[in-house]
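Asks: just the structure for this:
(2 chains)
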Amino acid sequence: QKEVEQDPGPLSVPEGAIVSLNCTYSNSAFQYFMWYRQYSRKGPELLMYTYSSGNKEDGRFTAQVDKSSKYISLFIRDSQPSDSATYLCAMSATDYKLSFGAGTTVTVRA
Amino acid sequence: DTGVSQDPRHKITKRGQNVTFRCDPISEHNRLYWYRQTLGQGPEFLTYFQNEAQLEKSRLLSDRFSAERPKGSFSTLEIQRTEQGDSAMYLCASSLVATKFFGPGTRLTVL
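Replies: Have a look, this model is predicted:
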């Protein structure tokens, strides 16, 4: 079993819809949680960072961490075609070594 | 552009050849990381530097792989005697603390 599980999708939504992404993990020592966006053949771009549990909002993006359930989520409101990308969850116990999910491919249809 | 840069962006080589990649981190970042990503997978940790010291190496990093960060600035990743299984995107990232910023990657194809 992988340390971080993420449904690869693909996920297709109409423009303006809410995109809901999630990951589960097995390592209870994880305390740093991040979401990255990756366009095809590009490097990952940091979207959201959360330390420990709780919610964080940044514009159209909301990240949630539930350490008791070992479950993290990313919500994208008012999705746009430019949000079409692969979204990677990443987490770590230390502040240097990230474990990534496999990524969820999202397409926002105009 | 003050982000992480990597060179080359693409490398095609024949099996058995040696290749070297370069990463220039964000200038004030003292931490530098190398990850490898294959198609349909998330990046996997390879190694980590704090300043010029290499502090951790993954078991994924076989003896054919070596990384350096002289003077705590840019870093190089060398792969000796390349194999077809080395074909992947090699990503470099840098940080001050936990939040890591990735470069565009070097895509390696071993024929």
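Asks: C-alpha from now on. contacts and neighbour counts both.
Replies: Noted.
Asks: what about the helices in chain B?
Replies: In chain B, no helices are defined using DSSP state H.
Asks: residue numbers of it in contact with chain A?
Replies: By the rule Cα under 8 Å from any Cα of the partner chain, the part of chain B lying against chain A is B:40-45, B:48, B:91, B:97-105.
Asks: which among those end up buried?
Replies: Neighbour counting with 16 or more other Cα atoms under 10 Å in any protein chain shown marks B:42-45, B:48, B:91, B:98-105 as buried within the residues of chain B next to chain A.
Asks: mind listing what's buried in stretch A:75-88?
Replies: In stretch A:75-88, counting by 16+ other Cα under 10 Å, buried: A:F75, A:I76, A:R77, A:S79, A:Q80, A:D83, A:S84, A:A85, A:T86, A:Y87, A:L88.
Asks: neighbours around B:V4, how many?
Replies: If you count neighbours by other Cα atoms under 10 Å in any protein chain shown, B:V4 ends up with 24.
Asks: just checking, it touches B:R22?
Replies: No. The pair B:V4 / B:R22 is not scored as a contact, 10.7 Å apart, by Cα atoms under 8 Å.
Asks: which residues are contacting the worst-scoring helix or strand of chain B on mean pLDDT?
Replies: Least confident element among the helices and strands of chain B, by mean pLDDT, DSSP states H and E: strand B:53-57 (a mean of 92). With Cα atoms under 8 Å, 6 or more residues apart in numbering or on different chains as the test, strand B:53-57 has contacts from B:L46, B:T47, B:Y48, B:F49, B:E68, B:R69, B:G72.
Asks: tell me what the fifth one is bridged to.
Replies: So that's B:E68. B:E68 has these beta-bridge partners by DSSP bridges: B:T76.
Asks: what residues are up against it?
Replies: The contact partners of B:E68, by Cα under 8 Å, 6+ apart, come to B:E52, B:Q54, B:S75, B:T76, B:L77.
Asks: which of the residues you listed ranks first by neighbour count?
Replies: Within the contacts of B:E68, most neighbours by other Cα under 10 Å means B:S75, with 22 neighbours.
Asks: quick check on B:S87: phi, psi?
Replies: Main-chain dihedrals, B:S87, degrees, to the nearest 10: phi -60, psi 120.
Asks: separation between it and chain A?
Replies: Computed with Cα to the nearest Cα, to the nearest Å, the distance linking B:S87 and chain A is 14 Å.
Asks: repeat that for B:I79.
Replies: Going from B:I79 to chain A by Cα to the nearest Cα gives 20 Å.
Asks: state the three-state secondary structure for A:Y49.
Replies: Here A:Y49 is recorded as strand under DSSP: H, G, I helix; E, B strand; the rest coil.
Asks: now it. Nearest residue, chain neighbours left out?
Replies: Excluding its sequence neighbours, the residue lying closest to A:Y49 (Cα to Cα, 6 or more residues apart in numbering or on different chains) is A:M34, at 4.4 Å.
Asks: who does the helix or strand harbouring that neighbour pair up with?
Replies: For A:M34, the host element (DSSP states H and E) is strand A:32-38. Take DSSP bridges as the rule and strand A:32-38 pairs in its sheet with strand A:45-51 (antiparallel), strand A:85-92 (antiparallel).
Asks: hey, least reliable of those by pLDDT?
Replies: Across the strands paired with strand A:32-38, strand A:45-51 has the smallest mean pLDDT, namely a mean of 92.
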